[in-house]
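Asker: give me a 3D structure for the following:
(chains A and B)
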2 protein chains.
Amino acid sequence: MKKRPPIIVQKFGGSSVANVQRIRRVARRIVATKRKGFNVVAVVSALGDSTDDLLALAHQVNKNPPAREIDMLLSTGEQVSVALLAMAICELGEEAISFTGGQVGIVTDHFHTKAKIQNISAKRIIKELKKSKIVVVAGFQGITPDKEITTLGRGGSDLTAVALAKAVGTTMCEIYTDIDGVYTADPRLEKNASKLPTISYDEMLELAATGAQVMQARSVEVAKKFGITLHIRSSFNNKPGTLVTEEAKMEALVVSGISVHKGEAKITINDVPDKPGVAALIFKEISSRNINIDMIVQNVSKTGYTDISFTVPRAGLRSSMDVVRKVARKIRAGEVTSADDIAKISVVGLGMRSHSGIAAKMFEALAAQKINIEMISTSEIKISCVIRRRHAQKALHALHKTFNLHNLEKLQKKSEHK
Amino acid sequence: MKKRPPIIVQKFGGSSVANVQRIRRVARRIVATKRKGFNVVAVVSALGDSTDDLLALAHQVNKNPPAREIDMLLSTGEQVSVALLAMAICELGEEAISFTGGQVGIVTDHFHTKAKIQNISAKRIIKELKKSKIVVVAGFQGITPDKEITTLGRGGSDLTAVALAKAVGTTMCEIYTDIDGVYTADPRLEKNASKLPTISYDEMLELAATGAQVMQARSVEVAKKFGITLHIRSSFNNKPGTLVTEEAKMEALVVSGISVHKGEAKITINDVPDKPGVAALIFKEISSRNINIDMIVQNVSKTGYTDISFTVPRAGLRSSMDVVRKVARKIRAGEVTSADDIAKISVVGLGMRSHSGIAAKMFEALAAQKINIEMISTSEIKISCVIRRRHAQKALHALHKTFNLHNLEKLQKKSEHK
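Answerer: Okay, here's the model as predicted:
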């Protein structure tokens, strides 16, 4: 009996299919993969900025368009992509067939514009792969059990790719994008930034959460859950990118990445009565107004009063302040202050688990640059500091050097030759 | 028990929804109809030229794109329209819900890009109408029993509207377009042309077949079959348009319209042996090459040889000639000649059934203008003549006057006051 070819899922983002030339390039890559002996399932996003264009149209006809109709509208973007990509593949002499999310049975719940996948039947895809066809699936979309079209929210196409990998029973999932892989820092901000050959799911999750917009956290979580190896790489060249797997291989690397996030502002409630339940009251009120809070810091109280600081999205600072002032009055706290010229800088690395002194090293490096730390928050593999935004660039550079990320490519070569 | 509101189907063509302003205007019209006490099912085409834009993209990635993928691609056009229109209706304070062809169960056969509707389940639509919602359905598209997306070919949205009218059990179907109704002649060619208040299905069919591109013949046939009254009217004003029903009401009108068709060329095979089976052989060969033939004229033979003339689409004249020359050699006929500077002018009218002498009157009118007639073809309610193209305008004007269509509006008023 002939052995069935291994299946690989390849996901292409909007910038990878932004025009006819790029669609053709993606088609060539898929065909090359097919001819190397793989069965290919391609997942595609909408062409370039077409999703934004459709949204702009929607807001022209309705200031507050119903979420169901938004999904009807936006899901056409990926349908256009898959049809064009399937045509481009056929032009190269391979057989291809495109599908909407609904057609391949990506079943979701009813939460329009942010639906969650409930289950996927891979039957239809497997049937076409057996006929040696390349299967092209619309990312970002699904269908409810009663045939309503849904979309999966931001990063939805990544999620489609990872979920399809699980459904068709492969661990190979390539995420093609407009960057070469995951870097130790944003190369636009740090010229010495290096591409990481591997990174762990947990590090990737922390990087996503701290502002490195390579992939949405949700897709990484699902990949981790099902043991899908993600290969994040560029659709514009053939260089290997970054593998996201359970454990990064380079033990030498304590910190694997540094991210800078400038989208937040800081709010401080001074002189909060330090009694049980007060913090809960504050954040219950705030979250009920749909304000997303990121970092929260509260110091040990010595006087029966404490200060509580937290960060919110900068765009919503003014409305957040209104809410927070009301809450502060209610709990008889003191003044409420804010700062919107902050940045959050985070060092992320699995190595922190086993190496001590990373925090101290980070604080020292910032102090050496005379950069004041305004908030600190840590997880098992991450340390984040809030600093003034004007120091962000300097801080990034100092930390990148301190944690030996400047010489990463040399280190990698050594590690490989060990 | 409360009486259920009557259902009306309103179909809007691409030009009626070509931009945001027009979508809003269509929404206002639908909402006005709803508030007059109707349940509205709206059927919409793709925005303006978007279908052509998508086709152009397709041909950029594949010179000969697979029909299945063309349907995946083109069906997005109407999906965009229905979502935007539903949003625009909601903005006006009425509830609306949009559907793809597949979602409302417009089931077709497998012939991609020219699928035929097999059946429609109106369940989902009726369910939403009962909730007092306005239902907006994507025209031009359907789904096969195994969930493949199909399109219905040219004029497909009209067909969707007519078929939905039948499915939801109404005889009221309004076709909104960029013209005011059906005219006695193309107003761009004949300044005295008048709008017809009513026209019969059969006349409408003949006009469609002879080149008046108001509606595709297929939709008119289906409307006739199910007794759906079509109201062809403008989406840019509130004037009544033309009602297409079983019998036109104005008995005085013998000829109701004159159409000019310039898209054809004439081929003549001279000296064809006048034996049984020869004509069959010729047209079997030609049709097997996918050449569409319109008029065929063969004269009575006196010498054992006859000349056969027929018209083909002008764009395909050269390839048709190659085929016809081969056939002519095969059947030992004489020379094959062609003319591509012809026009076909047709007079159409139910009145011809009961009024004699229409043909003579037509030929006389053309003769008075010194216009030579090259081919003649007649049906029960139509006479078509092929003439030189340069005479088309003059012929149209002469015939329009001869058959009293110049004074139509006055005639109508008299008829109404009788």
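
Asker: mind giving me the domain ranges of chain A?
Answerer: Domains of chain A are assigned by automatic domain parsing as A:7-178, A:248-418.

Asker: which one of those domains lies nearest to B:H59?
Answerer: domain A:7-178 (9.0 Å; Cβ to Cβ). Where C-beta positions appear, they are placed from N, C-alpha and C, glycine not excepted.

Asker: report the rounded mean pLDDT for that closest one.
Answerer: The average pLDDT within domain A:7-178 is 96.

Asker: OK, contacts around A:I8?
Answerer: A:33, A:38-41, A:170, A:172-174 (Cβ atoms under 8 Å, 6 or more residues apart in numbering or on different chains).

Asker: tell me which of the domains of chain A is the most buried.
Answerer: domain A:7-178 (a mean of 22; mean count of other Cβ atoms under 10 Å in any protein chain shown).

Asker: would you confirm that A:S98 contacts A:V80?
Answerer: No. The criterion here is Cβ atoms under 8 Å, and A:S98 misses it with A:V80 at 10.0 Å.

Asker: for the closest residue to chain B within the stretch 251-400 of chain A, what are phi and psi?
Answerer: The stretch 251-400 of chain A approaches chain B most closely through A:N290 (22.1 Å), counting by Cβ to the nearest Cβ. Here is the backbone geometry of A:N290 (degrees, to the nearest 10): phi 60, psi 30.

Asker: ok so, going back, among the domains of chain A, which comes closest to B:V135?
Answerer: Nearest to B:V135, of the domains of chain A and by Cβ to Cβ, is domain A:7-178 at 12.8 Å.

Asker: quick one, strands of the stretch 251-400 of chain A?
Answerer: Using DSSP state E, counting those that start in this stretch, the strands of the stretch 251-400 of chain A run over A:257-261, A:264-273, A:296-298, A:305-313, A:336-339, A:342-348, A:375-379, A:382-388.

Asker: Throw those strands into CSV and include distance to B:K239 and mean pLDDT, thanks.
Answerer: Below are these laid out as CSV (distance: least, Cβ to Cβ, whole Å; pLDDT from 0 to 100):
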stretch, distance to B:K239, mean pLDDT
strand A:257-261, 60, 91
strand A:264-273, 58, 91
strand A:296-298, 66, 82
strand A:305-313, 53, 88
strand A:336-339, 61, 94
strand A:342-348, 63, 93
strand A:375-379, 69, 85
strand A:382-388, 67, 91
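
Asker: and stretch A:9-23, C-alpha only, in CSV?
Answerer: These are the backbone C-alpha positions of stretch A:9-23, laid out as CSV (Å, rounded to 0.1, in the frame of the first residue of the first chain):
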residue,chain,number,x,y,z
VAL,A,9,-0.8,23.6,6.8
GLN,A,10,0.5,26.8,5.3
LYS,A,11,-1.1,30.1,6.4
PHE,A,12,-0.7,33.3,4.4
GLY,A,13,-1.6,36.7,5.9
GLY,A,14,-3.1,39.6,4.1
SER,A,15,0.2,41.2,3.2
SER,A,16,1.3,38.0,1.6
VAL,A,17,-1.7,38.1,-0.9
ALA,A,18,-2.0,41.9,-1.2
ASN,A,19,-1.9,41.9,-5.0
VAL,A,20,-1.9,39.6,-8.1
GLN,A,21,1.9,39.3,-8.1
ARG,A,22,2.0,38.2,-4.4
ILE,A,23,-0.9,35.8,-5.0
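
Asker: other SSEs contacting the host helix or strand of A:V107?
Answerer: According to DSSP states H and E, A:V107 maps onto strand A:106-108. Contacts defined by 3 or more Cβ pairs under 8 Å, 6 or more residues apart in numbering or on different chains; DSSP states H and E place strand A:106-108 against strand A:117-120, strand A:141-143, helix A:156-168.

Asker: what's that strand in contact with?
Answerer: Strand A:106-108 has contacts (Cβ under 8 Å, 6+ apart) with A:115-121, A:141-145, A:150, A:152, A:160, A:163-164.

Asker: make it 6 Å
Answerer: For strand A:106-108, contacts defined as Cβ atoms under 6 Å, 6 or more residues apart in numbering or on different chains pick out A:115, A:117-120, A:142, A:150.

Asker: tell me the one of the residues you listed nearest chain B?
Answerer: Nearest member of the contacts of strand A:106-108 to chain B, counting by Cβ to the nearest Cβ, is A:T150, at 12.7 Å.

Asker: which residues touch A:R314?
Answerer: Contact partners of A:R314, counting by Cβ under 6 Å, 6+ apart, are A:263-265, A:340.

Asker: residues from chain A in reach of chain B?
Answerer: Chain A comes close to chain B at residues A:20, A:23, A:58, A:60-62, A:65-66, A:69, A:72-73, A:76, A:79-80, A:83-84, A:86-88, A:90-91, A:98, A:103, A:147, as judged by Cβ under 6 Å from any Cβ of the partner chain.

Asker: ok, back up a step: now, among the contacts of A:R314, which is nearest to B:L366?
Answerer: Of the contacts of A:R314, the one sitting nearest to B:L366 (Cβ to Cβ) turns out to be A:G263, at 77.3 Å.

Asker: among the contacts of A:R314, which two are most distant?
Answerer: Between any two of these, the greatest separation by Cβ to Cβ is 10.3 Å, found for A:G263 and A:D340.

Asker: and the residue of the stretch 201-350 of chain A at minimum distance from chain B, how many neighbours?
Answerer: Closest to chain B within the stretch 201-350 of chain A is A:S235: 16.0 Å, counting by Cβ to the nearest Cβ. For A:S235, the neighbour count with other Cβ atoms under 10 Å in any protein chain shown is 21.

Asker: wait, it sits on A:G14?
Answerer: No. Look at A:S235 against A:G14 with Cβ atoms under 6 Å: they stay out of range, at 10.7 Å.

Asker: what about the stretch 301-418 of chain A, any weak spots by pLDDT?
Answerer: Within the stretch 301-418 of chain A, the stretches falling below the threshold (pLDDT under 70) are A:301-302, A:407-418.

Asker: would you map the helices across it?
Answerer: For the stretch 301-418 of chain A, the helices defined by DSSP state H, counting those that start in this stretch cover A:317-330, A:358-368, A:392-402, A:408-417.
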